[in-house]
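Colleague: pasting the sequence and the predicted model now:
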Amino acid sequence: MLDPGSTIGVLGGGQLGRMTGQAARTLGYGFTVYEPQTKSPAGHVADLEINASYSDESALGCLAEAADVVTYEFENVPVEATRVLEEKVQLHPRPEILHICQNREREKNFLRDNGIPCAPFAIVDSLEDLETALSEIGRPSVLKTAAFGYDGKGQLKICNEDTDTESIWNRFSKHRAVLEGWMNFSMEISVMVAANENGEVTTFPVAENIHTNHILDYSIVPARISSELQNQAETLAKEIAKKMSLVGLLGVEFFVLKDGNLAVNELAPRPHNSGHYTIDACVTSQFEQFVRAVCGLPLGSTELFRPITMVNILGDAWVDRQPNFGVILEDPEAKLHLYGKAEARKGRKMGHFCVLADSADVAYEKARELKARL
Ligand code: AMP
């Protein structure tokens with residue numbers, strides 16, 4: 001167990017690192033950020049920000065010197081950097097988990113090999129593979145790059161009328177890919193699961209996620225599904241954490257299928273956008289739980305105080321003017337979080353806000369209203 005007063009090092013300087021740093025500070029830990037770009041959102045709240053590339057072994061050595069435990073806040077950190085660090089300092093979650101989660105092919109194989117429900121899929125590495133895969137999986141289906149995809153990037157939906165497979169394969173730039181069957185879902189949900197080295201595993205309440213242009217727009221909690229389905233999602237998330245021997249935090253995204261079953265879509269071994277609501281609505285936030293997990297502290301209660309909706313604030317809100325934050329600041333049941341990013345670009349996550357209410361429906365309605373007035 002690493003006592004408060006120790007230092008946590010994080011690879012990646014985005015908002016997830018920033019909010020992790022804020023939670024680390026609350027518990028009395030030091031906080032060091034490693035990030036190629038200067039003046040990062042996490043760097044603003046760190047004791048030390050190391051700006052170097054992920055392949056710079058001597059700079060990674062400085063991080064290992066400065067920190068008592070190292071973790072990461074996004075899954076596109078090169079796994080080699082974590083393997084270098086692992087030799088010098090405690091590191092969680094273990095590099096193999098990052099290796100699995102940063103590649104759809106490995107992730108899907110992991111899910112299938114462990115009997116976790118997910119979309120039917122086939123690996124595609126040539127035009128012939130694509131034709132075989134389409135005959136197995138059928139249409140509609142979705143072709144996704146095996147490596148480095150997020151927020152819908154590197155994806156192509158293939159419908160019944162898309163019969164020219166050669167042009168599809170060329171449009172996809174012939175990247176190694178996973179062809180997934182199209183899932184007829186009624187809702188997307190996610191569960192954050194945390195585990196520490198003492199074998200404790202906890203989940204947070206299930207979030208119902210609404211995406212716009214493939215980017216998370218709203219997370220509504222509790223998800224408006226039966227408590228039986230919520231339990232199933234939490235049980236599956238715990239099973240995944242156990243099968244991975246997770247120490248740290250993992251986001252599990254699911255489709256709720258129209259037939260009532262669940263299918264896992266994606267895994268993220270770090271704090272997750274759909275878990276931001278926990279800061280304002282739970283006894284322990286996902287960030288504090290992450291800090292507790294990687295430091296070997298007992299995990300905190302994940303009890304939800306009140307129903308809540310989280311809304312992402314994207315750079316789009318700055319298009320003609322500064323957003324009207326007053327509408328959120330003046331509302332007694334709303335909370336504003338900004339990430340200190342200097343430049344607002346379309347699609348860039350600049351902050352989020354949350355609305356608490358007596359029911360998930362009311363929180364969601366009110367969140368939509370506030371967003372429209374922002
Ligand atoms: P991903 O980047 O894999 O999380 O996909 C982004 C979004 O595309 C998901 O949140 C879904 O809305 C949609 N999507 C991805 N895969 C599928 C699928 N197999 N069937 C239906 N919709 C999908």
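Modeller: Received the coordinates, thanks. Numbering: from 1, shown residues only.
Colleague: Ser190 and Ala233, how far apart?
Modeller: Ser190 sits 8 Å away from Ala233, going by Cβ to Cβ, to the nearest Å. Bear in mind the C-beta positions are built from the backbone N, C-alpha and C, glycine included.
Colleague: please, where are all the strands along the stretch 1-150 of the chain?
Modeller: For the stretch 1-150 of the chain, applying DSSP state E, counting those that start in this stretch gives strands covering 7-11, 30-34, 48-50, 69-72, 90-91, 121-124, 141-145.
Colleague: that older thread, more neighbours: Ser190 and Ala233, which one.
Modeller: Set Ser190 next to Ala233 and count neighbours by other Cβ atoms under 10 Å: Ser190 wins out with 25 against 22.
Colleague: average pLDDT for the helix or strand containing that one?
Modeller: Following DSSP states H and E, one finds Ser190 within strand 185-195. The average pLDDT for strand 185-195 rounds to 98.
Colleague: after it, next one along is what?
Modeller: With DSSP H and E setting the assignment, the helix or strand that follows strand 185-195 is strand 201-203.
Colleague: strands paired with that following strand, and their directions?
Modeller: Paired neighbours of strand 201-203 in the sheet (DSSP bridges): strand 185-195 (antiparallel).
Colleague: which parts of the stretch 251-374 of the chain sit against the ligand?
Modeller: Proximity of the stretch 251-374 of the chain to the ligand is confined to Asn265, Glu266 under the rule Cβ under 6 Å from any ligand atom.
Colleague: may I ask which helix or strand encompasses Thr309?
Modeller: strand 308-314.
Colleague: what's the model's confidence in that strand, averaged?
Modeller: Rounded mean pLDDT across strand 308-314 is 98.
Colleague: contacting residues around it?
Modeller: Strand 308-314 is contacted by residues 207, 215-221, 273-274, 276-277, 280-281, 323, 338, 346-357, 360, 363-364, 366-367, 370-371, 374 when judged by Cβ atoms under 8 Å, 6 or more residues apart in numbering.
Colleague: let's go with 6 Å and repeat that
Modeller: With contact meaning Cβ atoms under 6 Å, 6 or more residues apart in numbering, strand 308-314 is reached by 216, 218-221, 276-277, 281, 347, 349-356, 363-364, 367, 371.
Colleague: brilliant, that's me finished.
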